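>>> generate a structure from the sequence data that follows.
(2 chains)
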Amino acid sequence: MESERQYIELYHDAADLIRQRSCAVMNAVRDAAFQAFASQGFPSRKVERYRYTDVAAAFAPNYGLSLFPLTSHPSPFIFSFKDAPIDLTPYYNKVADASDGITALNTALAHEGLLIYVPRNHRPSAPIQVDNWLRATAPTMMNRRVLILLEEGADATIVINDKADAQPVSFLTTQVIEVVCKANARLDLYEIEDTNPLCARFSNVYIQESRDCSVKHNVVTLFNGHTRNLCDVYLQGENAEITLNGCAIGSGSQHIDNNTLIAHQVPCCQSRQLYKYVLDDHSVGAFAGKIFVGKEAQKTSSQEVNANLVAASTARMYTQPMLEIYADDVQCNHGSTVGLLDESALFYMRQRGIPEAEARTLLKNAFMGQVIDQIQYQPLRDKLYVKVEKRFRGELEKCEECRLCK
Amino acid sequence: MLKVKKQGKMDVSVQTPSTASAVAQEPNAFVKAVAEKKYEFGFTTDVETEIIEKGLNEEVVRLISRKKNEPEWLLDFRLEAYRYWQGQQQPSWAHVTLPEIDYQAISYYADPTAKSKEGEKKEIDPELMKTFDKLGIPLEERMALSGMAVDAVMDSVSVKTTFKERLSEKGIIFCSISEAVQQYPDLVRQYLGSVVPYRDNYFAALNSAVFSDGSFVYIPKNTRCPMELSTYFRINARNTGQFERTLIVCDEGSYVSYLEGCTAPMRDENQLHAAIVEIVVMDNAEVKYSTVQNWYPGDSEGRGGVLNLVTKRGHLRGVNSKLSWTQVETGSAITWKYPSCVLSGDNSQAEFYSVAVTNNHQEADTGTKMIHLGKNTKSTIISKGISAGRSQNSYRGLVKVGKHADGARNYSSCDSLLLGSECGAHTFPYIDVQNNTATVEHEATTSKINENQLYYCNQRGISTEEAVGLIVNGYAKDVINKLPMEFAVEAQKLLSVSLEGTVG
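Alright, predicted model coming up:
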């Protein structure tokens, strides 16, 4: 409980200040969340869903808590919780799994929340972009809270960028995103992480879908330090669809852990998952995805694919695709591969005068291309093609978009 | 659910001697017998059995050791294991609802041969002979199928091992482990606990403390075992646990095929079976281990049945060594079993073929571990799960490629078939790769029986139930084909019997 102690003390010291800067809906569940955290602490590696990430170690350093206010361009769809156009009580902290240690800590410490609210049958003319820019002079902890609420028939594309300054300052972010989609809503949610090796990120995304919804969630880890992404999807209305895609590129001593759960709770839903990793140097990749099909969820169709390239003998990959099925009229499958680049393809390219390093980059790019291809929003797709290629060439670390570096 | 039994299913049970005689007495008895008695080995044997008092403590461990006249080192091994076990908690990670086991309510040693031992001549009680005859395991060598040597174990004691002399001509040792401790203590001491140490897990520690009989096999260098070796385990006495221990050592350049079968009487309370099987495979040697597990699965309401908590592991120590596990799991109320392979030798190969059938309230959590440590090692996993009734069937497997296992290759395929809307099929594969030259593939599918296939069969006059039997047998064929012939026939029969009444 060493790691936990400083957060318990921090809460005792700063709770009043957080409350002042926060809003009623967040304060209402704050103490209960803190109690949940204080009683259970961080999940240990013995907890099945946290097997591959040492949470307590990542939270052990002493970070200062950031209570920096949110800034947003005026938009009819983006609000701070304080200015929410609707009552958030029925939604806030309802989809999130309160028993998860990280979610509990986030609920206790988050001082401000971002609401993306798309009213009935509305469709924002442009994608909604949220940028999280990590910049500080001392180690800092941030607790982000996002609620995405799509009313019936709403349609939105949301891009969340995580960026960090290239300065040697360590950051710890916890993030809880709750997504509630009502009937017939459609959502494309993209999360792009491009931070630095000193950043630790714990992101928990919870998605609840009603009848005839379609959600695509795409998480891209371009550059990071220590990342843990959890995504839980609850399909609660018939004919709902979910597509979870992810790609991760690891080098140095980066750590990328994606953990997903898709719970089919009603009949006739579809889910698809595609996660790809390319790991080099001493990086560690982990993927664990569980498809849960409840008794009532007949006619479920579900596919899960996880493919991984391990490019160095010191890199390490864990994968764990799981099926837990209690209904009989289902079509579920999963596949997982761990391997190296195809030698015959390399040989073919070298025969044609392509240098080996270039050939390897081409193959890795093509491998990741399958995930990037799934991105519907074309400007983002084009940008990611360039970024992924730069990443494989080792050019991305220069942090080109960071004004401070230039 | 189908209540009236159809013609097609009766054929299955004609094999049982008891039903065959019943037919002669009254015409309806046949149908009744089929309807009431799906588990055909559920009878008990009335034989005088020496059972030690219930409960587990150091004195019990010492008593078992004393009864078997064991050397000091083995008693120490047992006591160390017992002390370790005391400090451990029963694991709860498996996807089964293991009832609380009262370890003090079980007797840890039951000897059905005690009576005959008192006399000077070591004759087998005719009741025991009859029992094994009834199970289709004749202990008279002249009656036995040629080409198979049997070690028959009832409760805690080995009743008889056949063809021992013929095997010993080739230098092959095949006997019960208690006998091996007396006659080949050095060999046993060298290998016992070297593949599954007592600290391995909770049930391994328990077994190491109180293990009774099992088989010991040693195949000397460059010897091809001329016949199939087999052990038949039978639980008979009430309120006892069976803690068998099998050790197979296959020396350089040798080959052995080993079969294991098991049954138990029908009882309302759960019976505990916690076994350890250790296999050591040396350079260029090959071991084939096949199991048809048919412990009593409990009744249709989920009462009783055997708790089958087993640790099985093979260590491929030598270069070019080969180990193949084939299992057909149809019995037991709860199965917790992961026959594994540690591939240390370069170019070693391991295979795991499994069919697990669960019906009614059975729960199975089974699979394998393939741990690649040597260079150019290969492993194949083919697992077929079939769930029916209200059962839960899980595949749990680990494929681990160590840092130095250059060129390791694994292919895993796990398919699940669901027959009924109240059962569950689950897959929990763990893949852990630390070497960039490894290629690991895993695929899994879960679905129900294809309705087009059923429709096709129906069209051609095959009843739905028969059609399901055909499709299931076809589905499991990849695995059944790997079994030795006699076992394959039995396994196919078992598949049909286990799934009786699942088509509604």
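
>>> for residue B:289, helix, strand, or coil?
Of the three states, residue B:289 takes strand under DSSP: H, G, I helix; E, B strand; the rest coil.

>>> just checking, it touches residue B:339?
Yes: under the criterion of Cβ atoms under 8 Å, residue B:289 makes contact with residue B:339 at 7.4 Å. The C-beta positions use only the backbone N, C-alpha and C, and glycine is treated the same way.

>>> neighbour count: these two, which is higher?
residue B:339 (24 against 21; other Cβ atoms under 10 Å in any protein chain shown).

>>> residues touching that one, list them.
For residue B:339, the contacting residues are B:277, B:289, B:291, B:312-314, B:325, B:327, B:352, B:368, by Cβ atoms under 8 Å, 6 or more residues apart in numbering or on different chains.

>>> could you check the pLDDT of it?
Residue B:339 carries a pLDDT value of 95.

>>> roughly how far does it sit from residue A:110?
Distance, residue B:339 to residue A:110, using Cβ to Cβ, to the nearest Å: 49 Å.

>>> any residues in contact with both of residue B:289 and residue B:339?
What both residue B:289 and residue B:339 touch, as defined by Cβ under 8 Å, 6+ apart, is the set B:277, B:312, B:314, B:325.

>>> now those residues: which count as buried?
Among those, the ones that count as buried by 16 or more other Cβ atoms under 10 Å in any protein chain shown are B:277, B:312, B:314, B:325.

>>> let me know the closest of those to chain A.
residue B:325 (21.8 Å; Cβ to the nearest Cβ).

>>> how about the residues of chain B by chain A?
B:93, B:95, B:401, B:403, B:416, B:418-448 (Cβ under 8 Å from any Cβ of the partner chain).

>>> can you do 7 Å?
Applying Cβ under 7 Å from any Cβ of the partner chain, we find that chain B lies next to chain A at B:418, B:420-421, B:424-448.

>>> which of those residues are buried? Put it as a PyMOL command.
To isolate the buried ones among the residues of chain B next to chain A in PyMOL, judged by 16+ other Cβ under 10 Å, type:
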select buried, chain B and resi 418+420+424+425+426+427+428+429+430+431+432+433+434+435+436+437+438+439+440+441+442+443+444+445+446+447+448
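
>>> got CSV for the contacts of residue B:339, with pLDDT and secondary structure too?
Below are those laid out as CSV (pLDDT from 0 to 100; DSSP: H, G, I helix; E, B strand; the rest coil):
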residue, pLDDT, secondary structure
B:277, 95, strand
B:289, 94, strand
B:291, 89, strand
B:312, 95, strand
B:313, 96, strand
B:314, 96, strand
B:325, 94, strand
B:327, 91, strand
B:352, 95, strand
B:368, 95, coil
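
>>> for the chain, what helix or strand is lowest in average pLDDT?
Chain wasn't specified; assuming chain A. strand A:64-65 (a mean of 84; mean pLDDT, DSSP states H and E).

>>> my question was about chain B
That would be, for chain B by mean pLDDT, DSSP H and E, helix B:7-13 at a mean of 34.

>>> any weak-confidence spans in the stretch 351-500 of chain B?
B:500 (pLDDT under 70).

>>> show me where it has strands.
For the stretch 351-500 of chain B, the strands defined by DSSP state E, counting those that start in this stretch occupy B:363-366, B:369-372, B:378-388, B:392-401, B:409-419, B:424-433, B:439-448.

>>> how about those, which one is nearest residue A:177?
strand B:424-433 (27.2 Å; Cβ to Cβ).

>>> for the closest residue to residue B:350 other than its chain neighbours, grab the count of nearby residues.
If the residues on either side of it in the chain are set aside, residue B:350 comes closest to residue B:341, at 3.7 Å by Cβ to Cβ, 6 or more residues apart in numbering or on different chains. Here the number of neighbours of residue B:341 (other Cβ under 10 Å) works out to 30.

>>> ok, whichever strand or helix holds residue B:341: who's next to it in the sheet?
Element membership of residue B:341, judged by DSSP states H and E, is strand B:340-343. Neighbouring strands of strand B:340-343 in its sheet, by DSSP bridges, are strand B:305-316 (parallel), strand B:369-372 (parallel).

>>> can you redo those strands as JSON lines with distance to residue A:124?
Converted to JSON lines, the strands paired with strand B:340-343 look like this (distance: least, Cβ to Cβ, whole Å):
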{"stretch": "strand B:305-316", "distance to residue A:124": "57"}
{"stretch": "strand B:369-372", "distance to residue A:124": "51"}
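
>>> among these, which is nearest residue A:22?
Going by Cβ to Cβ, the one of the strands paired with strand B:340-343 nearest residue A:22 is strand B:369-372, 49.1 Å.
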